[in-house]
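Visitor: here you go, sequence then predicted model.
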Amino acid sequence: MNLLTAINLGKSFGERDLFKNVSFNIDEKSKIGLIGANGVGKTTLFRVLCDEEGYSGSLNKNSLLKIGYMEQTPPEDNITDAYTYVLGVFSHLEALETKLEEIRVEIENDEGETEALINAQERLNNEYIDKGGLVYKSKCRSMLLGLGFSEKELTNKLSELSGGQRTRLSLARVLLSDANLLLLDEPTNHLDIESIVFLENFLKEYNRSFIVISHDRYFLDKVTNRTFELECEKLTQYDGNYTVFAQKKKAAYDAAVKKYDNTMKEINRIEGMIEQQRRWNREKNIKTAESKQKVIDRLEKDFEKPRTNTERVRFKFTTTLEGGNDVMMVTSLKKSYGDKKLFEDANLLIKKNECVFVLGPNGCGKTTFYRIIKGDEVADAGNVKFGSNIECSYFDQTRCDISSGKTVLDEVWDRFPKMTQTQVRNALAAFLFKDDDVFKETDCLSGGEKARIALLCLMLRGSNFILLDEPTNHLDLASREALEDAIADFGGTVFIISHDRYLINKLADKLFVFEDDTIREYRCSYDEYLALKDNVEKPVKEISQPKAEKINDYKMQKERERAKRMRASRISKLETLISETEEKINAVSEEINNCGFDYQKLMELNSTLDSLNENLFSYMEEWEQLCEEEEE
């Protein structure tokens, strides 16, 4: 059954076309991911489908269509609690309960015709059971617990809840509704990994339709079987989840580029022939030139260069600092708030060039751990130490360090006053702040824009240890991919708190997981961690040896590849250090030769020369050893 058909939908704001000629069908079991850069019109398209925005074109809706659209922010309420608010989606069942209670009282008090009342009671009771009256309260409770609420929080008034918690209430209501087409706008925001997995399982089992806007690629891969992409004012449809979409889009783009290049070569070839024919300037040659020109006109008809309007942020983390091999040491760390124990006896080590991720459910203590590292919070016991010559830079998901009342330009320039205005504006342009955007007030920026400024400032500091708290929140897919590439190419050490499982799988060398009132260390990716955890939770007899060996082989292969990359990086660094040290030795030697009889200076220079020679010997020894390992 077809639920909805869109034909040539269009939406403009002033002279700007947000999208146009958008057409698609949605059947009764469509599971669609809607993707695109921030600002291309994804949420506006949802509002058009709900008739909350004007539009051009036409929408044909089945008479049985019921749309469930997740409200971004439910009302604050000093009376209604979280559980009661979600129960409100079953108001029809609550009305039936009230009516049944009224009939029961009438029968007990003999206030009417008993037989008619009993018949009415039976009919309403059957309706109540058929519509889920016996289970709706437990469904509400299970949904709220699955989305990360504690038992205690179920009784909190809406006004006592955070914006993220109230957004989760809206999600709970729409998931529990009797809608047959759900429109979910960034539903994984404010959810931890456990809650996202709960939502994934719900949507995989959901036997109706939904369209979900999300930048969570792992989530999209799990729950969708079609992908709509809004780009260049058009909507393109693909069969398959995000990974399939990415492969098909790349293949289509590569084919379009190849066709464009071949067509341009043919046009250039024919233009050369035309020019030659016109040089000869005979009647026959002129006719040939005119004929060839018609061929070019046919080729150029409806012909344009393949393009994309997904402008990527240009991240590049660099550092010139050469720190020690032990970057951060955590010893016997403990933290509690009253009776609530977050973690204790945590002993962790981060080594040079590692990319470490911190995982755990909301409220487990990840942000507190991060604040202890920053020095904003004091541990109950234990300590955190940084290695030699380690300089840290921090990114906070709340971006509270963005000043108020400044322009974007001044916000960055005040932090880096030694840069010229041109340098600051070039840096901002790399983060998509161009032209008049640099004069925007920071108070008017979106969450994504503030995140980009904070990441730009972190990039400009040039630290060798960067710590990131939920860096991909508010970033679109293109920006997430750019950030991933920058972290992968970074020559320093990275510590990341994140729920982005795609990011974790791509970059993780090590996981710090909050488990059993402490923080445990795993040297694996997220999927490997799940496999290991699954094996631990199963009875021993169910764990097959080949599977365990496969996981170990995969881990060992990843470790070997990691070691090879680090070895190549270190060899390159050593070669630079050797060259620089040799230059310094030559300079000091020349200075000694020209020193004359200044014995004090001569002693200092000889001491410097000895130190440089020791360094050179150490670098050469390490370089030779690494080269031998590389050959093996």
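Guide: That came through fine. Numbers count the residues shown, from 1 in each chain.

Visitor: for the residue lying closest to Leu235 once chain neighbours are set aside, helix, strand, or coil?
Guide: If you skip the residues right next to it in sequence, Leu235 has Val22 as its closest partner in space, 4.4 Å away by C-beta to C-beta, 6 or more residues apart in numbering. Every residue, glycine included, has its C-beta placed from N, CA and C. Three-state assignment for Val22 (DSSP: H, G, I helix; E, B strand; the rest coil): strand.

Visitor: tell me the spacing between Val22 and Leu59.
Guide: Computed as C-beta to C-beta, to the nearest Å, the Val22 to Leu59 distance reads 11 Å.

Visitor: any idea which helix or strand comes after the helix or strand hosting Val588?
Guide: Mapping Val588 onto the secondary structure by DSSP states H and E places it in helix 545-593. On the C-terminal side of helix 545-593, the closest following helix or strand by DSSP H and E is helix 599-631.

Visitor: re earlier: more neighbours: Val22 and Leu59, which one.
Guide: The residue with more neighbours, out of Val22 and Leu59 and counting by other C-beta atoms under 10 Å, is Val22; that gives 24 against 13.

Visitor: tell me the bridge partners for that one.
Guide: Taking DSSP bridges as the rule, Val22 bridges to Leu9.

Visitor: overlap in contacts, Val22 and Leu59.
Guide: Applying C-beta atoms under 8 Å, 6 or more residues apart in numbering, one finds that Val22 and Leu59 are jointly contacted by 6, 9.

Visitor: looking at Asp380 now. What's its pLDDT?
Guide: The confidence metric pLDDT takes the value 93 at Asp380.

Visitor: quick revisit: the residue nearest to Leu235 against Gln237, yeah?
Guide: No - the pair formed by Val22 and Gln237 falls short of the contact definition of C-beta atoms under 8 Å, at 10.1 Å.

Visitor: show the pLDDT at Gly41.
Guide: 90.

Visitor: contact partners for the closest residue to it other than its chain neighbours?
Guide: For Gly41, ignoring the flanking residues on the chain, the nearest one in space by C-beta to C-beta, 6+ apart is Leu18 at 4.0 Å. Under the criterion of C-beta under 8 Å, 6+ apart, the contact list for Leu18 reads 11-12, 40-41, 44, 233.

Visitor: same question, Asp485
Guide: With the criterion set at C-beta under 8 Å, 6+ apart, Asp485 makes contact with Phe315.

Visitor: for the residue nearest to Asn156 when sequence neighbours are not counted, give its distance to Thr318.
Guide: Setting aside the residues directly before and after it, Asn156 is nearest to Ala82 in space (C-beta to C-beta, 6+ apart), at 5.6 Å. Between Ala82 and Thr318 the computed distance is 47 Å (C-beta to C-beta).

Visitor: show me which of these two is the more surrounded one.
Guide: The neighbour comparison of Ala82 against Thr318 (other C-beta under 10 Å) goes to Ala82, with 25 against 14.

Visitor: quick check, pLDDT for that one.
Guide: The pLDDT attached to Ala82 in the predicted structure is 90.

Visitor: show me what counts as buried in stretch 52-65.
Guide: Within stretch 52-65, the residues that count as buried by 16 or more other C-beta atoms under 10 Å are 55, 61-62, 65.

Visitor: average model confidence for that stretch?
Guide: In this model, stretch 52-65 carries a mean pLDDT of 92.

Visitor: angles on the backbone of the residue positioned nearest the centre of the chain, please.
Guide: Per C-alpha atoms, centre = their mean, the C-alpha nearest to the average position across the chain is that of Thr472, at 3.9 Å. Dihedral angles phi and psi of Thr472 (degrees, to the nearest 10) take the values phi -90, psi -10.

Visitor: now swap in Leu181 and tell me
Guide: Here is the backbone geometry of Leu181 (degrees, to the nearest 10): phi -140, psi 110.

Visitor: let me know how buried it is, in neighbour terms.
Guide: The number of residues packed near Leu181 is 22, by other C-beta under 10 Å.

Visitor: so what's it up against?
Guide: The neighbourhood of Leu181, defined by C-beta under 8 Å, 6+ apart, consists of 3-4, 26, 65-68, 208-211.

Visitor: now with 6 Å, please.
Guide: For Leu181, the contact set (C-beta atoms under 6 Å, 6 or more residues apart in numbering) comprises 3, 67, 209.

Visitor: quick one: contacts for Cys333?
Guide: Actually, residue 333 is Leu rather than Cys. Shown in contact with Leu333 (C-beta under 6 Å, 6+ apart): 346, 379, 382.

Visitor: state the distance from the first one to Asn241.
Guide: Pointing back at Ala346 there. Ala346 is 37 Å from Asn241, where distance means C-beta to C-beta.

Visitor: between those two, which one's more packed in?
Guide: Neighbour totals were compared for Ala346 and Asn241, and Ala346 leads with 25 against 20 (other C-beta under 10 Å).

Visitor: tell me the buried residues in the one helix or strand the more buried one maps to?
Guide: Per DSSP H and E: Ala346 is located in strand 340-351. By neighbour count, and taking 16+ other C-beta under 10 Å as the criterion, the buried residues in strand 340-351 are 342-344, 346, 348, 350-351.

Visitor: got it, and stretch 359-376?
Guide: Residues of stretch 359-376 classed as buried: 359-360, 362, 364-373 (neighbour count, 16+ other C-beta under 10 Å).

Visitor: with stretch 484-502 instead?
Guide: By neighbour count on 16+ other C-beta under 10 Å, the buried set for stretch 484-502 is 484, 486-487, 490-502.

Visitor: the residues you listed in strands, which ones?
Guide: With strands identified by DSSP state E, the entries of these that belong to them are 493-497.

Visitor: any idea how far Asp517 is from the residue lying closest to Pro361 once chain neighbours are set aside?
Guide: Ranked by C-beta to C-beta, 6+ apart and with sequence neighbours excluded, the top spatial neighbour of Pro361 is Asp192, at 4.6 Å. From Asp192 across to Asp517, the span is 17 Å (C-beta to C-beta).

Visitor: so which of these two has more stuff around it?
Guide: For Asp192 and Asp517, the more surrounded residue by other C-beta under 10 Å is Asp192, and the numbers stand at 19 against 15.

Visitor: from what I can see that one touches Asn362, true?
Guide: Yes - in terms of C-beta atoms under 6 Å, Asp192 counts as a neighbour of Asn362; the distance is 4.3 Å.

Visitor: what lies in contact with stretch 183-194?
Guide: Under the criterion C-beta under 6 Å, 6+ apart, residues 43, 46, 69-70, 164, 167-168, 171, 196, 211-213, 216, 219, 361-362, 499 lie in contact with stretch 183-194.

Visitor: go again with 8 Å.
Guide: Stretch 183-194 is contacted by residues 42-43, 46, 49-50, 67-70, 72, 147-148, 164-165, 167-168, 171, 174, 196, 199, 210-216, 219, 359-362, 473, 499, 501 when judged by C-beta under 8 Å, 6+ apart.

Visitor: just the buried ones from those residues?
Guide: For those, a neighbour count by 16+ other C-beta under 10 Å gives the buried set as 42-43, 46, 49, 67-70, 147-148, 165, 167-168, 171, 174, 196, 199, 210-216, 219, 359-360, 362, 473, 499, 501.
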